[in-house]
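*Asks:* Prediction below, plus the sequence it came from.
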Amino acid sequence: MPSEASSHTEVTDATIADNEATIEQMKELKFNEKNLIIYTPPGVNEELSARFLSSFAFVTFKRRSPGLLKDLITFLQEREPEIIKECGDYAHFDLKRTIWSLELLRGEMINNDEFQVFRVKAPDTESWNKFLMNLSEDRRQWFSAVWMHAECYMYRRIWSIFQRSETLVNYDYFGDQKMSAARRVTPQMKDVLEATRKLARSKENFQQLLKLSAWGNRYDLSMTDAGPSAKIFRQISKYDKDLLADQSSDIWKDLTEACDPVYVDIVCDNAGFELFADLLLAEYIIESGLARRVRFHVKAIPWFISDVTHQDFLWLLGYFRKHCIPEFRAFGKRIQGYLRDRSFILCDKSYFWTSGHDCSQMKRVQPCLYVYISEAALVIFKGDLNYRKLLGDINYISTAKFSDCLRGFQPTSVCALRVIKSDIYCGLPVCTVDWLTEDNPDWMISGEKAVIQVAIKHRLSSDFLV
Ligand SMILES: O=P(O)(O)OC[C@@]1(O)O[C@H](CO)[C@@H](O)[C@@H]1O
């Protein structure tokens, strides 16, 4: 029987906890009222936004992104000695100002301040500021903007903070996480490499590698630290039940009927295992004669934590080439050979992929890129953010045709290999979303389901490019 004093303390503690919870709730209600947060979900064809209380966008700017900024600040504080060794003694002073600026950015997000134009000179500063100035007044704050606009703005703001400092201008503040993630999945990559040697040219093998590339998208550091199972390739068909749309057969048909010279473009997403799976798919496409060339589009700046930059692509290649396991060295040597004979092209930097624009704007804002991609018979968009860029973060009805949701973006046949990590979808069978949501209201952010979709563009070899 607790003494009177201890039971009194327990009652006081419980009362304090209740009061704190109530105060927190009052604060949230006040925030929602002040910032016109909407309690109903977005309507059909409305753009995703953190202004909708029930959206993943709201959770992102209320919890996830402030947490990400806090973690980045802690990382910089803890890694100061290593960063100074890498970037020079003056980095000590630059780090202080960088951390202070990241804390200011975090405060702006929490207070739902208006987006600021970029002052630090960079190749994309002017285009980013033009983009921001073209946003309507009521779409220039964290909790009112289109989710994709605000999220891309955040990662570009982080980069601009590092661009302001002499010593940190080339420092990849997500680099350590990307390299450790790749090292962590080395055993799985070895198993997959062994399982995918000498695959004959066949529709089934192509489909298996396409699915591996799709499921490789599950491993993105802004969502999980977990890696794939070692048996992922050998058991890839086990995941077919979680493919809500699978047009891999249509993709095979389109590619095998394409006019020479056949190029396949891959708009990459995450480094590490996903990039490894993309390289395996690309190797198969070249070795089986499905295409003459595979061209990789990567990010110009550190992006969404684990997105591939040129530095990451070349680091993984070097990691394989110098590895103690002979299979990795051989794989690295082959990739090097494809780059040398131009079967693989690591495309030059394009700041379109780290802009706020969605793909339907590419023809207008980056026509050269649109024409370049038009040369390919197929362009493969990897991942969830790229899917949102294809759909413009628009809340389509889940049964809407994938090709219709591209809103005129059709430089060539457009394929999406996407693990579903956000509340936006199209091209799904009737009632799929309802059934899954009834089962688990958070299924769409779990990474348990995926789609392989394609909008075919039938082209004669003499077609105009645009
Ligand atoms: O493009 P990826 O790496 O597959 O996913 C990007 C992502 O992690 O970021 C956004 C949420 O912050 C979502 O689009 C998705 O969850």
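*Replies:* Received, thanks. Numbers count the residues shown, from 1 in each chain.

*Asks:* pLDDT value on the nearest residue to residue 408 once chain neighbours are set aside, please?
*Replies:* Spatially, and ignoring its direct neighbours in sequence, residue 408 is nearest to residue 360 (5.7 Å; C-beta to C-beta, 6 or more residues apart in numbering). The C-beta positions use only the backbone N, C-alpha and C, and glycine is treated the same way. Per-residue pLDDT puts residue 360 at 98.

*Asks:* show me the contacts for residue 360.
*Replies:* Shown in contact with residue 360 (C-beta atoms under 8 Å, 6 or more residues apart in numbering): 392, 406, 407, 408, 409.

*Asks:* Could you do residue 282 as well?
*Replies:* By C-beta under 8 Å, 6+ apart, the contact set of residue 282 is 264, 266, 294, 296, 338, 344.

*Asks:* so which helix or strand takes in the fifth one?
*Replies:* For residue 338, the enclosing helix or strand under DSSP states H and E is helix 326-340.

*Asks:* how far out from the middle of the chain is that helix?
*Replies:* 26 Å (C-alpha atoms, centre = their mean, to the nearest Å).

*Asks:* for the following helix or strand past it, packing partners?
*Replies:* Next helix or strand after helix 326-340 toward the C-terminus (DSSP H and E): strand 344-346. Under the contact definition 3 or more C-beta pairs under 8 Å, 6 or more residues apart in numbering; DSSP states H and E, strand 344-346 sits against strand 293-297, helix 310-321, helix 326-340.

*Asks:* Ok, which of those comes nearest residue 420?
*Replies:* Counting by C-beta to C-beta, residue 420 lies closest to strand 293-297 out of the helices and strands packed on strand 344-346; the figure is 21.9 Å.

*Asks:* Is it possible to get JSON lines of the contacts of residue 360 that adds pLDDT and secondary structure?
*Replies:* What follows is the contacts of residue 360, written out as JSON lines (pLDDT from 0 to 100; DSSP: H, G, I helix; E, B strand; the rest coil):
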{"residue": "392", "pLDDT": "98", "secondary structure": "coil"}
{"residue": "406", "pLDDT": "98", "secondary structure": "helix"}
{"residue": "407", "pLDDT": "98", "secondary structure": "coil"}
{"residue": "408", "pLDDT": "96", "secondary structure": "coil"}
{"residue": "409", "pLDDT": "98", "secondary structure": "coil"}
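
*Asks:* which of those count as buried?
*Replies:* 392, 406, 409 (16 or more other C-beta atoms under 10 Å).

*Asks:* So for the residue of the stretch 101-250 of the chain found nearest the ligand, what's the pLDDT?
*Replies:* With C-beta to the nearest ligand atom, the shortest gap between the stretch 101-250 of the chain and the ligand falls at residue 220, namely 3.5 Å. Predicted confidence (pLDDT) for residue 220: 74.

*Asks:* cool, residue 126 as well?
*Replies:* Looking at residue 126, its pLDDT is 98.

*Asks:* again with residue 139
*Replies:* pLDDT recorded at residue 139 is 98.

*Asks:* which of the helices and strands packed on strand 344-346 sits most buried?
*Replies:* Mean neighbour count (mean count of other C-beta atoms under 10 Å) peaks for strand 293-297 among the helices and strands packed on strand 344-346, with a mean of 22.

*Asks:* how about the strands in this protein?
*Replies:* Applying DSSP state E to the chain gives strands spanning 243-246, 263-267, 293-297, 344-346, 378-382, 413-419, 450-455.

*Asks:* that older thread, now the residue nearest to residue 408: how far from the ligand?
*Replies:* Using C-beta to the nearest ligand atom, to the nearest Å, residue 360 is found at 17 Å from the ligand.
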